[in-house]
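Participant: Any chance you could fold what I've pasted below:
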Amino acid sequence: ADSEYGIPRRCPCKTYEADGFHYRQPWVIDVEEELERLTKRVEEAEQVMMGVSNLTKQIETLEEQVKILNEQVYDLTVQVDTLEKVCFD
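Facilitator: Next up is the predicted model:
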């Protein structure tokens, strides 16, 4: 019989059931595997993007520190120049 207690043994897509589950067609398995592969690639890309974001923040911080150091070096250069004039003139 094609049904048991009014529940069809076959679904409309003509795949047979075994223990309540459909047999999966090979192309369905391929699609699922490809979806898993693409999902993993997206997750990896997200991690890379987060890493780039963190590096960008670190670069901005370093640029600010370099600017401050440049100002300090300039100030020290002016002080040394002033001291040289006082000592050697």
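Participant: Which residue ranges of the chain form helices?
Facilitator: Secondary structure of the chain by DSSP state H: the helices cover 26-88.
Participant: Low-confidence stretches in it?
Facilitator: Low-confidence segments of the chain (pLDDT under 70): 1-26.
Participant: neighbours of residue 75, just the number please.
Facilitator: Neighbourhood size, residue 75 [other Cβ atoms under 10 Å]: 10. All C-beta spots, glycine's among them, are computed from the backbone N, C-alpha and C.
Participant: Quick check: it vs residue 46, distance?
Facilitator: 44 Å (Cβ to Cβ, to the nearest Å).
Participant: what does residue 37 give?
Facilitator: Distance, residue 37 to residue 46, using Cβ to Cβ: 15 Å.
Participant: same check, this time on residue 59
Facilitator: Distance check for residue 59 against residue 46: by Cβ to Cβ, it reads 20 Å.
Participant: now do residue 55
Facilitator: For residue 55 relative to residue 46 (Cβ to Cβ), the value is 15 Å.
Participant: same deal with residue 62?
Facilitator: Following Cβ to Cβ, the distance that separates residue 62 from residue 46 is 25 Å.
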